[in-house]
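Trainee: Have a look; sequence and predicted model below, questions after that.
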Amino acid sequence: MTESEFYSFTVPDAQGNEVSLSDYKGKVVMVVNVASSCGLTPQYEGLQALYDKYKDQGFEIIAFPCNQFAFQERGSNDEICAFARNKFKVSFKIFAKTHVNGSETIPLYKYLKKEGEGKLFKAIKWNFTKFLVSKTGKVLKRYSPNTEPSEIEQDIVKLLSE
């Protein structure tokens, strides 16, 4: 396993297009599992604020809707995107609804959980778990669902300057 293994994954976006994560080489990437009907859903605002502030410096957010936590992401991919764009003005990339735990976990999330282990266990424990990936594709840190996006800003700025 090398730092660049992150770039070996291909995942479907919300429109069904296969996207190679190699498209993100040289960028700082935050990967986050999202849900539209969660108490943490307002974090979309903070995520978008970070994206607006740093996208021109090489920062990307890639969001993966997930319905595995209290069925808080029930909509179709189109409905999820419309909700995020209309209610929170989200402009970062939203991928297809996926599994982040269990037997149907997509390979990207198996990798993220292995490389960015949680403090108590590997499983994703709730919506809005965030992973920060360096410009070289190394998973640097995992943040809990309750970590507000603004609390991650300092880490993003540091990575962008490297």
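Mentor: Received the coordinates, thanks. Numbering: from 1, shown residues only.
Trainee: Show the contacting residues for residue 34.
Mentor: 41, 44, 63-66, 73, 80, 84, 94, 127-128 (CB atoms under 8 Å, 6 or more residues apart in numbering). The way it works is simple: take the backbone N, C-alpha and C, and place the C-beta from them, glycine included.
Trainee: okay, and for the protein, where does confidence drop off?
Mentor: Within the chain, the stretches with pLDDT under 70 are 1-3, 117-121.
Trainee: wait, doesn't residue 50 sit right on residue 60?
Mentor: No - if you go by CB atoms under 8 Å, residue 50 and residue 60 don't touch, sitting 10.5 Å apart.
Trainee: what sits in contact with each of those two?
Mentor: The contact lists of residue 50 and residue 60 share residue 30, where a contact means CB under 8 Å, 6+ apart.
Trainee: burial count for residue 84?
Mentor: 23 (other CB atoms under 10 Å).
Trainee: residue boundaries of the helices in this protein?
Mentor: With DSSP state H as the criterion, the chain has helices at 43-54, 77-88, 107-115, 153-160.
Trainee: nearest to residue 139, of the contacts of residue 34?
Mentor: residue 64 (14.7 Å; CB to CB).
Trainee: Across the sheet, point out what pairs with that closest one.
Mentor: residue 33 (DSSP bridges).
Trainee: My guess is it contacts residue 100. True?
Mentor: Yes - Residue 64 lies in contact with residue 100 (CB under 8 Å); the separation is 6.9 Å.
Trainee: shared neighbours, the two?
Mentor: With CB under 8 Å, 6+ apart as the test, residue 64 and residue 100 both reach 33, 109.
Trainee: Which residue ranges of this structure form strands?
Mentor: Along the chain, counting by DSSP state E, strands occupy 10-12, 18-20, 28-34, 59-65, 93-94, 130-133, 139-143.
Trainee: now those in JSON lines, with distance to residue 122?
Mentor: Below are these laid out as JSON lines (distance: least, CB to CB, whole Å):
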{"stretch": "strand 10-12", "distance to residue 122": "20"}
{"stretch": "strand 18-20", "distance to residue 122": "25"}
{"stretch": "strand 28-34", "distance to residue 122": "14"}
{"stretch": "strand 59-65", "distance to residue 122": "17"}
{"stretch": "strand 93-94", "distance to residue 122": "25"}
{"stretch": "strand 130-133", "distance to residue 122": "12"}
{"stretch": "strand 139-143", "distance to residue 122": "10"}
